[in-house]
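In: what follows is a protein structure lacking sequence information:
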């Protein structure tokens, strides 16, 4: 039987749910069991293919403005100009929290990053990004779920949590995970719950579920109904970030969370759309860095998208599906204040197939470094189970403090 907590029962999925069985009487032993890590890992999935050159504009590369005469972000100090980082790179001006964290040594950027996928289908690209096999539909479960299976005891559901109305592929698999999603349903008081228990106490299945729902195995979420309605409409991603932070702060709660953000497929009108999306992304990271301040030195946030976009703008003031993209690492555990990996540049002979940012940095190498060095997952298991057939891809060096 699925384990319920109080908010899960009251809001039909709006709280932390568990994907595994918790038998009566085991709650206390679960709470006392030692978690395998006190490090936190948060993935922000940007579905639709974020334009890495708009997030991390290489304003110092002469080819950048040649390829994007209308979309290029101006250099620092100019109207609408990039926030300065190092070398030829800056940040989109909406990413103010990212810039603050960079200056504090808690943010690093990785340009020209890509998985092993080299086509340009959203559907297949996202599948590869999440299944970790290196090819579309090469696995039925997610690489992060397989990593959980290496670190937690059997189907113990405490280590991972999905934030949203469905569990993304990256977290699906044999290892149990918790879930949280916003709800617009009204709250129910304790007196009503008591009357339900009296009325249906002879129904063993219902009584067990209700009793577990009233047990504070996970704290009740402190999100009011107005905020929850906004989150349900997709207008307040910061609410999801608050929920993630609250879960990750629990002493016996999850240590890894996945947050999804859509809308990054910008074939037209890119500048205005990305300004709004980057503002929402920045607000999300701001909430996480604020709410997780007490454990910030143990935190690592990674932004991921299925691939990048074309180096050149198109005729609709947008960009099309590409290859190399940009990921950001944020958190107190990050060796920040730097641009990591290789930068192939934007010269005509440097572009992949003459059109895309070249895939110079392997995403799997970044993920291996995080799993092994940040979370303590066993190296052999990461190479053979989490990312099978990837021995040739080494963990990226220099990510962590």
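Out: Arrived safely, thanks for sending. Everything numeric in this text was worked out from a predicted model, so none of it was measured. Numbers count the residues shown, from 1 in each chain.

In: quick one: low-confidence residue ranges for the stretch 51-200 of the chain.
Out: Scanning the stretch 51-200 of the chain for pLDDT under 70 picks out 154-156, 183-200.

In: identify all contacting residues around the helix or strand hosting residue 127.
Out: Following DSSP states H and E, one finds residue 127 within helix 122-131. The contact list for helix 122-131 (C-beta atoms under 8 Å, 6 or more residues apart in numbering) reads 45, 47-49, 115-117, 119, 134-143, 168-170, 265, 304-307, 321, 363. C-beta coordinates here come from the backbone N, C-alpha and C atoms, glycine included.

In: so which of these are in strands?
Out: 45, 304 (DSSP state E).

In: PyMOL command for the buried members of the contacts of helix 122-131?
Out: Typed into PyMOL, the line below selects the buried ones among the contacts of helix 122-131, using 16 or more other C-beta atoms under 10 Å:
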select buried, resi 45+47+48+49+115+116+117+134+139+141+142+143+168+169+170+265+304+305+306+307+321+363
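
In: and the helix of greatest length in the chain, what other elements does it pack with?
Out: If you go by DSSP state H, the chain has its longest helix at helix 270-291. If you count contacts as 3 or more C-beta pairs under 8 Å, 6 or more residues apart in numbering; DSSP states H and E, helix 270-291 packs onto strand 40-46, helix 52-55, helix 96-103, helix 237-249, strand 256-261, strand 299-304.

In: circling back to that earlier point, residues of the helix holding residue 127 that come out buried?
Out: 124, 125, 126, 127, 128, 129, 130, 131.

In: residues near residue 275, how many?
Out: 15 (other C-beta atoms under 10 Å).

In: residues in contact with the longest helix of the chain: which ones?
Out: Residues from elsewhere that reach helix 270-291 (C-beta under 8 Å, 6+ apart): 42, 44, 46, 51, 54-55, 71, 92, 94-98, 101, 106, 237-238, 240-242, 244-246, 249, 259, 261, 263-264, 266, 296, 299, 301, 303, 313, 317-319, 330-331.

In: redo that, cut-off 7 Å
Out: Contacts with helix 270-291, where a contact means C-beta atoms under 7 Å, 6 or more residues apart in numbering, come from 42, 44, 51, 54-55, 71, 92, 94-98, 101, 237-238, 241-242, 244-245, 261, 263-264, 266, 296, 301, 317-319, 330.

In: and that helix, how far out from the chain's middle?
Out: 13 Å (C-alpha atoms, centre = their mean, to the nearest Å).

In: the helices in the stretch 251-400 of the chain, which residues?
Out: Ranges of helices in the stretch 251-400 of the chain, per DSSP state H, counting those that start in this stretch, are 270-291, 363-369, 379-381.

In: could I get those helices in JSON lines, plus columns for distance to residue 77 and mean pLDDT?
Out: Below are the helices of the stretch 251-400 of the chain laid out as JSON lines (distance: least, C-beta to C-beta, whole Å; pLDDT from 0 to 100):
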{"stretch": "helix 270-291", "distance to residue 77": "19", "mean pLDDT": "96"}
{"stretch": "helix 363-369", "distance to residue 77": "32", "mean pLDDT": "98"}
{"stretch": "helix 379-381", "distance to residue 77": "46", "mean pLDDT": "95"}
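
In: Throw these into TSV and include distance to residue 354, thanks.
Out: Rendered in TSV, the data for those read as follows (distance: least, C-beta to C-beta, whole Å):
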stretch	distance to residue 354
helix 270-291	21
helix 363-369	22
helix 379-381	38
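
In: of all those helices, which one is nearest residue 355?
Out: helix 270-291 (16.5 Å; C-beta to C-beta).

In: what angle separates the closest one from helix 96-103?
Out: Comparing the axes of helix 270-291 and helix 96-103 via axes from the mean of the first three to the mean of the last three C-alpha atoms, to 10 degrees yields an angle of 60 degrees.
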